[in-house]
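Asks: here is my input; please provide its structure:
(one chain, ligands or ions: 4)
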Amino acid sequence: MIKLATEPQFNIVEIFQSLQGEGYNTGMDAIFIRFGKCNLACPWCDTDYLSYSTLSLSEILKQVEALNATNIIITGGEPSVVPEIDLLLKQLKQRGYFLTIETNGLQPVPSEIDFISASPKALYAKKYHSQMLTQADEVRIVVDGDVFDFCQFIEQHLPAKHYYLSPCEQITVSSSKTSSPSFTLLETLQLLGRLNQRAQGQPHWQLSLQTHKLLGIR
Ligand SMILES: C[S@@+](CC[C@H](N)C(=O)[O-])C[C@H]1O[C@@H](n2cnc3c(N)ncnc32)[C@H](O)[C@@H]1O
Ligand SMILES: Nc1nc2[nH]cc(C(=O)O)c2c(=O)[nH]1
Ligand code: SF4
Ligand SMILES: [Mg+2]
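Replies: Ligands and ions are numbered 1, 2, ... in the order given. As a prediction, the model looks like this:
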């Protein structure tokens, strides 16, 4: 393939097709484009976002078009900090894809995005300030401790249509293929109870599971 010298290049961990495993769009058939690098370093992060290769814009389009879905999930790593990502998103939009993004919500996201899934991180609560994302379609907070106060902070600063708590998958020492993932499910249910028993007028919180992990798919 002839590469134009000016063609934008992107750090890509993987491009694959699966079902959206989490949140409001659970079950949606989608192509995942996972970018390398992140502006946070969550200790329990389930993604090796530093193992990437560099692909040109046209190489990405070729891989995407070889798959068979009309929805694209832009993820990472942290896609909101990818330089020139808007050039790729414009090309995808022109081809008619519905674009959703998975973001930690520290930064605004490009205007080409149709649906924003924000997962702000309680561990980095102090980093959420005036520069942060100001609205989302859904918020999913990972329960890695008592995140009750952080949930209330996010309700006030990040208006969204849907609010979810997601159990944290614990990193286990054993990598045995037979062991199933372990999640903070009980803590998550207890927090849902506390959030949803507040006075009327507060957002209602729901459970979001990483259903792809329960199924053993990507
Ligand atoms: C790998 S992140 C990439 C996108 C973005 N950096 C973010 O954090 O939203 C994709 C999703 O996986 C979630 N996630 C990552 N590790 C997890 C874990 N151990 N347990 C539960 N959710 C996890 C994140 O909270 C986010 O919703
Ligand atoms: N099936 C599936 N659904 C997902 N939703 C968000 C994911 C992500 O890692 O961003 C993810 C993922 O890695 N797999
Ligand atoms: S912000 Fe997302 S990609 Fe980055 S370390 Fe945290 S979970 Fe992983
Ligand atoms: Mg994932």
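Asks: number of residues surrounding Phe67?
Replies: One correction, residue 67 is Leu, not Phe. Taking other C-beta atoms under 10 Å as the neighbour definition, Leu67 ends up with a count of 14. In short, each C-beta sits where N, CA and C put it, glycine included.
Asks: quickly list what Ala118 is bridged to.
Replies: When assigned by DSSP bridges, Ala118 has beta-bridge partners Thr103, Val139.
Asks: surely it meets Ala160?
Replies: Yes - with contact defined as C-beta atoms under 8 Å, Ala118 reaches Ala160; the gap is 7.0 Å.
Asks: need the overlap of contacts for these two.
Replies: Residues touching both Ala118 and Ala160 comprise 136, 138-139, with contact defined as C-beta atoms under 8 Å, 6 or more residues apart in numbering.
Asks: out of Ala118 and Ala160, which sits in the more crowded spot?
Replies: Neighbour tally, Ala118 and Ala160, criterion other C-beta under 10 Å: the higher count belongs to Ala118, 24 against 21.
Asks: residues in contact with the more buried one?
Replies: Each residue near Ala118 by C-beta under 8 Å, 6+ apart is listed here: 103-105, 133, 136, 138-140, 158, 160.
Asks: who wins on neighbours among those?
Replies: Val139 (27 neighbours).
Asks: what about the longest strand in this structure?
Replies: Longest among the strand segments of the chain by residue count, using DSSP state E, is strand 9-19.
Asks: quick check: residues of this structure near ligand 2?
Replies: Residues of the chain found near ligand 2 (C-beta under 6 Å from any ligand atom) are 18-22, 47, 75, 102, 212, 218.
Asks: quick one, which of those are buried?
Replies: Buried residues within the residues of the chain next to ligand 2, defined by neighbour count using 16 or more other C-beta atoms under 10 Å: 18-22, 75, 102.
Asks: closest one to Phe35 out of those residues, please.
Replies: Within the set of those, Thr75 lies nearest Phe35; the separation is 7.3 Å, counting by C-beta to C-beta.
Asks: that closest one against Ile33, yeah?
Replies: Yes - in this structure Thr75 lies within contact range of Ile33 using C-beta under 8 Å: 7.1 Å.
Asks: ok, the closest residue to Leu89 other than its chain neighbours - contacts?
Replies: Nearest-residue entry for Leu89: Glu112, 3.8 Å, with adjacent residues in sequence omitted and distances by C-beta to C-beta, 6 or more residues apart in numbering. Listed by C-beta under 8 Å, 6+ apart, the contact set of Glu112 reads 86, 89-90, 92-93, 99.
Asks: which among those residues count as buried?
Replies: 89, 92-93, 99.
Asks: contact residues of this protein facing ligand 3?
Replies: 38, 40-42, 45, 47, 49, 76-78, 104, 121.
Asks: just the angle between the next helix or strand after the longest strand of the chain and strand 9-19, please?
Replies: Downstream of strand 9-19, the first helix or strand assigned by DSSP states H and E is strand 29-35. Angular relation of strand 29-35 and strand 9-19 on a 0 to 180 degree scale: 150 degrees, by axes from the mean of the first three to the mean of the last three C-alpha atoms, to 10 degrees.
Asks: contacts for strand 29-35?
Replies: Here strand 29-35 makes contact (C-beta under 8 Å, 6+ apart) with 10-20, 47, 49, 52, 60, 64, 67, 69, 71-79, 82, 85, 97, 100, 218.
Asks: may I see the buried residues of that strand?
Replies: Of the residues in strand 29-35, those buried by neighbour count under the rule 16+ other C-beta under 10 Å are 30-35.
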